[in-house]
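Colleague: What shape does this take:
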Amino acid sequence: MTRPIIMTDAGCDLPGDFILEKNIPFLGLTCHFKGRDYEDDFGKSLSYEEFYDGLRNGEMPYTSQINEYRFAEKFRELVKEKRPVIYIGMSSAISGTFNSSKLARESVISEFEDADITLVDSKGASIGLGLLVYYAHKMAEEGKSKDEIVKWLDDNKLKMNYWFMVEDLKHLKRGGRISSSKAVIGTLLDVKPIIYICSDGTLKNIANVRGRKKGIKYLIDRFRERALDTENQVIGISHGNCLEDAKLLKKLMEKEFCNNKFIINTLGLGMATHCGNGMLALCFLGNKR
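Modeller: Prediction:
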């Protein structure tokens, strides 16, 4: 059986070392920062430290989606290996990137008769998308077929839960990811908005809590309430330059749910542009989204 290639985009927010070690092909959004363009490549071209320092000092970066040309180039490179390709991408409701992958797939399949490219819209982003990539790659390592992996992704992608605590909503409003009417909440009374990714892949400001400690408690409560299995699963935590909060969230969860594996990573350029400093995300498989 030919082992499938699992491909993703840098919006998955997996640790760069994992991407490198597992040789997972990816593309990254273009981030426009301080007058220059950088590919979101897990902190290689532009360090997380410099990027977050810029955000803290008032820089307002913006991103451009991955275009059809870049996808086509990458797909052409991969199909030459004569292996099935499974691309797991960020929600089509958040970015036009997934649509670019669809156009590129059509183009490459018309060029290569034996090209086998499957696209999976995660209806999510950040470390939750990363968990889908993690599980898919693990299945490929275990010898699962393309069809088995794609079926698992289709059956489970809408069970992946995405819960984000953000400092304010100004970055999401500026990027058009949330309405202006929702963005008035923020620094008022130390309110921390809670963002949830719905089953259609859109973002929703589902709650507002007072202070970060209560925000962290809210995230843990959602895990307790919705997790498919509160033990023996992989839990994703991503953060916008607030590692200590991420560690605290992990520590508190380990006290109550002790048999889980955690993946913690910094929010990449693409996601951080829209969420800003201080974002804390908890992602896990639940009974439903």
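
Colleague: got the residue ranges for the strands in the stretch 151-289 of the chain?
Modeller: In the stretch 151-289 of the chain, the strands defined using DSSP state E, counting those that start in this stretch lie at 160-165, 191-197, 203-210, 234-239, 261-266, 280-285.

Colleague: Between those, which one is closest to Tyr62.
Modeller: strand 203-210 (17.1 Å; CB to CB). Where you see a C-beta, it was placed from the backbone N, CA and C, and this is true even at glycine.

Colleague: That closest one pairs with which strands, parallel or anti?
Modeller: strand 191-197 (antiparallel) (DSSP bridges).

Colleague: With just CA atoms, put the strand it pairs with into CSV.
Modeller: Taking C-alpha atoms only, strand 191-197 is exported to CSV below (Å, rounded to 0.1, in the frame of the first residue of the first chain):
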residue,chain,number,x,y,z
VAL,A,191,-13.6,41.6,29.9
LYS,A,192,-12.1,38.8,27.9
PRO,A,193,-14.1,37.7,24.8
ILE,A,194,-14.5,34.0,24.2
ILE,A,195,-14.5,33.0,20.5
TYR,A,196,-15.8,29.7,19.2
ILE,A,197,-15.5,28.2,15.7
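
Colleague: which non-adjacent residue is nearest the residue positioned nearest the centre of the chain?
Modeller: Per CA atoms, centre = their mean, the C-alpha nearest to the average position across the chain is that of Ser126, at 1.7 Å. Nearest-residue entry for Ser126: Asp13, 4.7 Å, with adjacent residues in sequence omitted and distances by CB to CB, 6 or more residues apart in numbering.

Colleague: nearest residue to Thr118 other than its sequence neighbours?
Modeller: Ile86 (4.9 Å).

Colleague: How many residues are close by the one you found?
Modeller: 24 (other CB atoms under 10 Å).

Colleague: Quick one: name whatever helix or strand follows the host helix or strand of it.
Modeller: Remark: Ile86 resides in strand 85-89, with elements defined by DSSP states H and E. Going down the chain from strand 85-89, the next helix or strand is helix 97-111, by DSSP H and E.

Colleague: How about that next one, which residues are buried there?
Modeller: Thr97, Phe98, Ser100, Ser101, Lys102, Ala104, Arg105, Val108 (16 or more other CB atoms under 10 Å).

Colleague: quick one: that helix to strand 85-89, angle?
Modeller: 160 degrees (axes from the mean of the first three to the mean of the last three CA atoms, to 10 degrees).
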